[in-house]
Each structure stands twice: as C-alpha cells, then as structure tokens.
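**Student:** Next input, structure requested:
(one chain, ligands or ions: 1)
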Amino acid sequence: MRGLLAVAVASTTALWLALPGAVGLAPPATPPKRVFIYDTTLRDGTQGEAVSCSVDDKLKIASKLASFGVDYLECGWPGSNPKDAEFFARARTELSQEAKQKLVAFGSTRSKRSATADQDPQLRALVESGAPTACIVCKASSWQTTEILGASREDNLDMISSSVEFLRQEGLKVHVDLEHFYDGFLGGRAADGDEDYSLECARVAVEAGAEAVVLCDTNGGHLPWDIERATAAVVDAVPSEIVVGVHAHDDSGVAVANSLAAVRGGACLVQGTANGVGERTGNANLNAIIGALALKGSQICKEGIDVACSSNLHLLADAARFVDETLNLIPRKSQPYVGASAFAHKGGLHVSALAKNAKAYEHVDPARVGNEQRVLVSELSASQCGKSSRRRVDGVGCAPSIPTPYSPGDDARRPHAIDATRRLTDYTPQAAARIFGARSRRRGW
Ligand SMILES: [Zn+2]
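**Tutor:** So this is what the prediction gives:
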C-alpha cells in the first residue's frame, strides 16, 4: 500500500517519559502533507439505522471505492458474524489485487475471558480473514474501562498490548482504534477524565507494534478546537513514524470539522464513511473531508495536502451516488460537494449574479467533484431566468430541480410558460428545456 509506514520502533520509552502533565499544553504540530483516507462504510457505516447490505453489495462497494482511490477499506468484523467472514473469504478471489491490499479486518482486543490473545477466537478470525491489516478497538478511557468494560485498568492495558503483539507475530499490520480517547483525554465528562490513562493506552499499543493509533470521538460530543489540541498533544508524544488517525461521529454536527481539526493538529489518517452513513447521526462524511483536503488543503497546510484519491476527485459524486444506490438509500440532496442541491441556485439575486460569474455563489467549481450547477425555476428566480433566456446570457442556463417521480405523459400537460406561482418541481426537465433553452457555456471557474 502506497507509502504506508513501517512498524513502530523497538523502544519508544524515552519519548513517552515526558508525557504526563506536559502534553495538554503542547503546541500545534506541523500538519502532515500526506493524509490517508480510511473508509469504514462497510463496517461502522453498516451500523446506521437504514443501512443493510449483502455480501454482493459489499464486494461491489469495496471494488468501487478501491478504484476511486481510498487508502484503506475496513469491510467488516469477521469474528462477529458469518456475513463478514464470507465477505473476506470471497474477497480473496473476487476483488482486484489493488482492492485486496487495502482491506482491513476489524475486531477488538482479546476478550477479558481469553487467557491469552492466541486463544481468542475473534483475533484468530482477523488472521484468517486474509486482510493485510487488522484494526482492533480498545477502551481508552479509564471510566469506560472499569465501569463499562468491567476490566481493571491494568488488564485493559495487557489486553491491548498482547492483542497487538499476537497480530504482529501473525504478520498483520495493526491499527488500534482508541475508543473514547477524547472523552478520557479531555475529560468531557468528569468521570471519564483521565488524560494519563488515555495516553497510556496509546503508548502500549505503539510499543507492542501498532503502526497507527486512531483517536476516537466515539460519542461525537467534542468540538473542533479541543480535538485539535488533544490530537496535537498525541502527535507530539508518539514517534514520528507512527500514524495518528482520527475517527469522529457526527452527534454534535461537527464530525467533518473535527476530522479536519485533527488534521490541523497533525493527524495523517482520517476514518469516515461515504455519505456519512453510520450509527445514530452518522460517521464523519468522507465526501466532504476528501473535498476539503483535496481542494482546500492549503488552508490547513501551506503546501497543500496530498490525498491519494485527489486524482479521481471528478468521480467523487459518482462514487457517492453508487454507494447510496447499492445500499438502497435515498441520496441526501443537501449533502456538501456531491448532493443534487450542492450547486443548485434558486434565489433571484443569486441567479442574476451567476449569469455574471459562477464564483459569485459557488465555493468550488462543481465539475471538480463531478457535480453540476443547476439554476432552479421558482417564484424567487423566475424573472432572472426569463431574462437569461431572452438574452441568451452566456454562462448560465436554467434547469428545474430533479423532479419528484412523474410519468412520461406529464410534459404534454405542463404549461410552456413561466408561472411564478408554481412550485419548481412542477416543471419536468423536458418542459424546462423548451422554456429556457439548453444550458449554455458556463463561465467563472
Ligand atoms: Zn465509530
């Protein structure tokens, strides 16, 4: 896999000795130039309320996202259900070599009931999956460890280190999802707060051979400035060859912002899902994250940010639609970058301005992400659309919104004149084309 980092150095003790007490005020680290995109649509994403997929669906989506260019594809928990085990078995023969190299099998640290890691059946399932990388989740909050997992703090640390060591001995690359890390480190709830213990969980994972530690905002409760500060502290503390990643949930509506803040803090791996699917309010939306890193990376890092899939950025909307379609989900029109409404303009002032220059009301060129501009016909913009049509203004045409389902015979019953009192969805694409003329050459981008 492109540019993946080597295993942890043998001894990191010295680097960690200075941690307790000093890390909370660490200055922001230099943002990375290369950021890995880690897609967990087919694992964490499937925990979304409306999400259900067959093994065939998973294979199709994995293949699509691999060719789009994400760096990692976390596709299931083979030790937890037969469907995910079947996926990894079929992936051996049904996915391309490129896709197989990106596969990640997900699991947890050994159970507290397993005396040793090599006796733990779900860790063995990770080895048998054939995926080159395993990602195991552990508790990284003192309160979660003792009160929810029901393990002692010491046992939890041993579960982390023994599990990583076992998987490394079996030849896998290992990532560790530090669940509730930000809760523990930042003390978002008083009972959670234990900065030193959360860091200790990261330390034992690194010393056992993990190549990546992923800081999780599992409950989605934190805000960007705290995420950046905490991430920077960890990046400063770990050896430079260790990948620090972020895994954010959208419960506060800021999962994308939190992920970008973590990158500002020095994280160089971002976990998320296509279209933001996932449990509760969803995971961080990778479409928006990829768009931001690829098109606005220089706002985070002066030199810009290198994202492998940026060469396929024009296929972003297509990939997003493919995932929705395969999962039988209704695409969210208002989704940034890729939604049908992301570059749809309705207000009269806006439509007028777009005729002069598309930049007036668009933050990026929609073509860069495979989307397109649409000017909606409505009582708010009808007069501007009419002017545009009469004058054939270069650079903007008018089109209706994507209509709700209609029958082919509807066109004949539609009025061929602007009726400002009508809802814009009353116009079919064919009717609108007759009224306003074909879209003409755009300008501005
Ligand atoms: Zn999650």
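
**Student:** Would you mind identifying the next helix or strand past whichever strand or helix holds E228?
**Tutor:** Taking DSSP states H and E as the criterion, E228 maps to helix 224-237. The helix or strand immediately downstream of helix 224-237 is strand 243-248, counting by DSSP H and E.

**Student:** Could you check the angle the helix or strand just after that next one makes with strand 243-248?
**Tutor:** From strand 243-248 onward toward the C-terminus, using DSSP H and E, the following helix or strand is helix 255-264. For helix 255-264 against strand 243-248, the angle by axes from the mean of the first three to the mean of the last three Cα atoms, to 10 degrees is 160 degrees.

**Student:** Over to the nearest residue to A151 once chain neighbours are set aside. Which of the three states is it?
**Tutor:** Of all residues beyond its chain neighbours, the one nearest A151 is K112 (4.9 Å), with distances taken as Cβ to Cβ, 6 or more residues apart in numbering. Heads up, the C-betas are built off the backbone N, CA and C, glycines and all. Here K112 is recorded as coil under DSSP: H, G, I helix; E, B strand; the rest coil.

**Student:** Touching, K112 and D155? I think so.
**Tutor:** Yes: counting by Cβ atoms under 8 Å, K112 sits close enough to D155 to count as a contact (6.2 Å).

**Student:** What residue spans form the domains of the chain?
**Tutor:** Each domain of the chain is listed here as a residue range: 13-326, 344-436, per automatic domain parsing.

**Student:** Just say which of those is most tucked in.
**Tutor:** The highest mean neighbour count among the domains of the chain belongs to domain 13-326 (a mean of 21), with neighbours defined as mean count of other Cβ atoms under 10 Å.

**Student:** Just the mean pLDDT for it, thanks.
**Tutor:** In this model, domain 13-326 carries a mean pLDDT of 92.

**Student:** Off-centre distance for it?
**Tutor:** Centroid separation between domain 13-326 and its chain, computed with Cα atoms, centre = their mean, to the nearest Å, is 10 Å.

**Student:** Just want the angle from the helix or strand encompassing C201 to helix 224-237.
**Tutor:** C201 is part of helix 195-208, with elements assigned from DSSP H and E. Angle between the axes of helix 195-208 and helix 224-237 is 50 degrees (criterion: the same axes, to 10 degrees).

**Student:** Tell me which other helices or strands helix 195-208 touches.
**Tutor:** Identification of packing neighbours for helix 195-208 by 3 or more Cβ pairs under 8 Å, 6 or more residues apart in numbering; DSSP states H and E yields helix 13-17, strand 133-139, helix 153-169, strand 173-179, helix 181-186, strand 212-217, helix 224-237.

**Student:** Partner strands of the fourth one and their direction?
**Tutor:** Take DSSP bridges as the rule and strand 173-179 pairs in its sheet with strand 133-139 (parallel), strand 212-217 (parallel).

**Student:** contact partners of the longest one?
**Tutor:** If I follow you right, that is strand 133-139. Outside of strand 133-139, the residues that reach it under the criterion Cβ atoms under 8 Å, 6 or more residues apart in numbering are 72, 74, 103-109, 123, 126-127, 145, 148-149, 151, 156, 159-160, 163-164, 167, 172-180, 201, 205, 214, 216.

**Student:** want to try JSON lines for the strands paired with strand 173-179, with distance to G282 as columns?
**Tutor:** Compiled in JSON lines, the strands paired with strand 173-179 are given as follows (distance: least, Cβ to Cβ, whole Å):
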{"stretch": "strand 133-139", "distance to G282": "18"}
{"stretch": "strand 212-217", "distance to G282": "13"}
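
**Student:** Next one: Q122 relative to T281, how far apart?
**Tutor:** When Cβ to Cβ, to the nearest Å is the yardstick, Q122 and T281 sit 28 Å from each other.

**Student:** And A151, by the same measure?
**Tutor:** Relative to T281, A151 is positioned 29 Å away (Cβ to Cβ).

**Student:** and what of P331?
**Tutor:** Here the criterion is Cβ to Cβ. By it, P331 lies 17 Å from T281.

**Student:** now the strands for the stretch 251-400 of the chain?
**Tutor:** In order along the chain, the stretch 251-400 of the chain carries the following strands (DSSP state E, counting those that start in this stretch): 269-272, 344-345, 374-375.

**Student:** And these: which comes nearest A117?
**Tutor:** strand 269-272 (23.7 Å; Cβ to Cβ).

**Student:** Partner strands of that closest one and their direction?
**Tutor:** Partner strands for strand 269-272, per DSSP bridges, with pairing direction: strand 36-39 (parallel), strand 243-248 (parallel).

**Student:** could you dump the ones you listed to TSV with distance to V254?
**Tutor:** Output for the strands paired with strand 269-272, formatted as TSV (distance: least, Cβ to Cβ, whole Å):
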stretch	distance to V254
strand 36-39	19
strand 243-248	8
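
**Student:** which one of those strands lies closest to G297?
**Tutor:** Once Cβ to Cβ is applied to the strands paired with strand 269-272, the stretch that comes out nearest is strand 36-39, at 12.6 Å.

**Student:** Would you mind putting the CA coordinates of the closest one into CSV?
**Tutor:** In CSV, the C-alpha atoms belonging to strand 36-39 read as follows (Å, rounded to 0.1, in the frame of the first residue of the first chain):
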residue,chain,number,x,y,z
PHE,A,36,-4.6,8.7,4.4
ILE,A,37,-8.3,8.1,3.7
TYR,A,38,-9.7,5.2,5.7
ASP,A,39,-13.2,4.2,4.6
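
**Student:** residues making contact with that strand?
**Tutor:** 4, 65, 69-74, 104, 214, 243, 245, 268-274, 286, 289-290, 307-309.

**Student:** so which of the strands paired with strand 173-179 gets nearest D226?
**Tutor:** Closest of the strands paired with strand 173-179 to D226 is strand 212-217, at 9.4 Å (criterion: Cβ to Cβ).

**Student:** Other residues contacting the closest one?
**Tutor:** Residues from elsewhere that reach strand 212-217, judged by Cβ under 8 Å, 6+ apart: 5, 38, 135, 137, 140, 174-183, 185, 202, 205-206, 227, 230-231, 234, 238, 242-249, 255, 258, 262, 267, 269, 271.
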